[in-house]
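Q: curious how this folds, go ahead:
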Amino acid sequence: MMQKDAYTGKQLREMSRTGTRLLDKHATSVNALNVFPVPDGDTGTNMLLTMQSAITEANTCPDNDASAVAQAMAQGALIGARGNGGVILSQMLRGLAQAIEGRDSFTVAEMVNALDHASLSAYKALSHPEEGTILTVMRDASEAAKSALSNDGAYDLPSLMEVVVREAKGSVSRTPDLLPVLKESGVVDAGGQGLCFILEGILLYLRGDELEDHEFMAEIQPATVDNHALSGEPHYGYCTNFMVYGYGLDVNEIRRRLSEMGDSVVVVGDEKTVRVHVHVFDPGSVLSYGISLGTLRQIKIDNMEDQHRDFVAAHGARPSSADIGNVSTVVVASGEGFVDVFNSIGATHVVSGSETMNPSVQDLLQAVESMPTDQVVILPNNPDIFPAASQVNDLTWKEVAVVPSRTMPQGVTALLAFNYEADLEANVQAMASNLSSVRTGKIATAVRSMRYKSLGVRKGQIVGFVNEELAVAAYTMEEAFKELLDRMGAGSSEIMTVYYGSNVDQADVERLLEPVRDQYPDLEIEVVFGGQPHYDYLISVE
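A: From the prediction side, this is the model:
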């Protein structure tokens, strides 16, 4: 059993790596803890990709610097965060980094303090924190650690983590008692269970126990370079990265100075080690400033203009800012048909994302920074993507607004209200006001049996949702479709748009709609290929 008075950055990274590996082994089981009977959110995958991004960033830090490793993990988790679970996890890592800021190593007492900071940071990040979730599990684990240490100060870290893991498991088992939807569905909270695996992996490392052979591979995020018309003038400059090793380094001052030289500035570290990322037209000036602070290592400079030209050569150029006005739109969509729809009605850029593969903060940030305008609107089109989208404005010099579209049909209606001649504020108001006029229905096949409120669902039934609320369970598509339209108020609506999914033939759609046209003769019905996965039909009525 490993017993040390203090733990280094290398040990912190290895603890986190083992926790990530254990989560990797169980990500599929965490994904299965879905309160709805359709594949509507992969919490395990989102948390895993977030942790992998954190580990990738931590790999750039010196082994003996716990603070630098923690700061790098927090930054890596933030830019790689996906979905609610990933964003909350990134805030926990941020709290941990704040607790051991400036420390080369940390003790058991400081780890207890770090767990407390992690919990507080996660709660503060949400405007309406909900109990019975990952938040509760983290808080309960933290409280157990504080209680154990206060009762017996002789705890070593492995023994303390045994207490933490035991309480985390107990807290996960109690989540259905705090969140009725979990009890009705017969599952525990997925985010809490994912966190439990991470904490248990940390314990396994501290004990010296071996996981089964399972190679850890960090995800590589592909760069998205886009959206400037080719010309002789440079648009992008150089992506400049390096490490500074010195004494008395002031991270805030370095960040301020670099912000005067370029944009997309990311500076993390402490008074001895600082990691720098900046986009600048003259990397020489940045390197000269860095040399004045200390010794530079891991210098990496990429010509983003060359990257852009290579991308355009392969994919074609997008309009310049002169062609599209002062505001760009970044839209998240899944399905070939929906991508075509959004492009046809004027989306500047479409980011791939679905219920089971949310784009990360970094994906959205790269899309925003590739836009040809200083003002950008994001349409997330999914409630699980909204948390990641909300982080982007703090990471870029551009002005970013998120219109809270919760479904792709809502996003279509919002984008139709977009006016290239209007400013950001006016567009956001117009687009957001259009959301309330749309009711969205979704139809899929249940992949598990469950009970939701008063509705019982059997595996294989056709289920329907109205504005994300499970409302219909039937044995035939015709029966489910008819009942869903009744609940959506189709009879009092003027327009209905039916987007059919990747596994549906248009002929099947027309047969399904024949009785609907007879029942609602005054309802204008449009049929569009959406190509979306998981849901046979997405329906909007206005």
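Q: what's opposite Gly464 in the beta bridge?
A: Gly464 has these beta-bridge partners by DSSP bridges: Ile443, Val472.
Q: who touches it in this structure?
A: Gly464 makes contact with 441-443, 470-474, 480-481, 483-484, 487 under the criterion CB atoms under 8 Å, 6 or more residues apart in numbering. C-beta: built from backbone N, CA, C; applies to glycine.
Q: for the residue most central in space within the chain, give me its contacts.
A: Centroid-nearest residue in the chain, with CA atoms, centre = their mean: Arg82, separated by 1.9 Å. If you count contacts by CB under 8 Å, 6+ apart, Arg82 has them with 45-46, 49-50, 358-361, 388.
Q: of the residues you listed, just say which sits nearest to Ala6.
A: Ranked by distance to Ala6 (CB to CB), these are led by Thr50 at 27.4 Å.
Q: show me what the particular helix or strand that has that closest one in it is packed against.
A: According to DSSP states H and E, Thr50 maps onto helix 43-58. On a contact count with 3 or more CB pairs under 8 Å, 6 or more residues apart in numbering; DSSP states H and E, helix 43-58 meets helix 9-31, helix 66-80, helix 83-99, helix 190-207.
Q: who wins for neighbours among the contacts of Arg82?
A: Ala388 (34 neighbours; other CB atoms under 10 Å).
Q: do you know how far it is from Asn46?
A: Computed as CB to CB, to the nearest Å, the Ala388 to Asn46 distance reads 9 Å.
Q: so what sits against both of the two?
A: Taking CB under 8 Å, 6+ apart as the criterion, Ala388 and Asn46 both touch 82-83, 86, 358.
Q: could you dump those residues to a markdown table with distance to Gln375?
A: Listed next are these as a markdown table, based on distance: CB to CB, whole Å:
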| residue | distance to Gln375 |
| --- | --- |
| Arg82 | 25 |
| Gly83 | 26 |
| Gly86 | 26 |
| Asn358 | 24 |
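Q: closest one to Leu160 out of these, please.
A: Of all these, Gly86 has the smallest distance to Leu160: 26.2 Å, by CB to CB.
Q: so the closest one makes contact with Thr50?
A: Yes - checked against CB atoms under 8 Å, the pair Gly86 and Thr50 is within contact range at 3.6 Å.
Q: anything in contact with each of those two?
A: 77, 80, 360.
Q: got the confidence number for the second one?
A: Okay, so that is Gly80. We have a pLDDT of 81 for Gly80.
Q: check the first one too.
A: pLDDT recorded at Ala77 is 86.
Q: how many neighbours does it have?
A: The burial count for Ala77: 31, using other CB under 10 Å.
Q: next: Val412.
A: Neighbours of Val412 under the rule other CB under 10 Å: 27.
Q: on that earlier part again, what two of the shared contacts of Ala388 and Asn46 are the furthest from one another?
A: It's Gly86 and Asn358 that sit farthest apart of these, by CB to CB, at 7.6 Å.
Q: what do the two both touch?
A: Common neighbours of Gly86 and Asn358 (CB under 8 Å, 6+ apart) are 46, 388.
Q: picking up where we left off before, okay, the contacts of Arg82 in a markdown table with pLDDT and distance to Pro380 next?
A: Listed next are the contacts of Arg82 as a markdown table, based on pLDDT from 0 to 100; distance: CB to CB, whole Å:
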| residue | pLDDT | distance to Pro380 |
| --- | --- | --- |
| Thr45 | 84 | 18 |
| Asn46 | 84 | 14 |
| Leu49 | 86 | 17 |
| Thr50 | 88 | 17 |
| Asn358 | 83 | 9 |
| Pro359 | 87 | 9 |
| Ser360 | 86 | 13 |
| Val361 | 87 | 12 |
| Ala388 | 88 | 8 |
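Q: right, and the pair among those residues with maximum separation?
A: Taking CB to CB, the two most distant members of these are Thr45 and Val361; they sit 15.3 Å apart.
Q: quick check: Thr440 touching Glu542?
A: No - the pair Thr440 / Glu542 is not scored as a contact, 10.3 Å apart, by CB under 8 Å.
Q: compare the two and say which is more crowded by neighbours.
A: In this view Thr440 and Glu542 are compared by other CB under 10 Å, and Thr440 has more residues nearby, 22 against 14.
Q: and the more buried one, what does it touch?
A: Counted by CB under 8 Å, 6+ apart, Thr440 has contacts 406-407, 409-410, 466-468, 538-540.
Q: now do the buried residues in whichever strand or helix holds Gly290.
A: Here Gly290 sits within helix 283-293, counting by DSSP H and E. For helix 283-293, burial by neighbour count (16 or more other CB atoms under 10 Å) applies to 283, 286-287, 289-290, 293.
Q: care to break this protein down by domain?
A: Domains of the chain are assigned by automatic domain parsing as 7-207, 238-307, 321-435, 439-541.
Q: looking at those domains, which has the lowest confidence?
A: domain 238-307 (a mean of 77).
Q: what's the farthest-apart pair in the contacts of Gly464?
A: Maximum pairwise distance among those (CB to CB): 15.5 Å, between Leu470 and Phe481.
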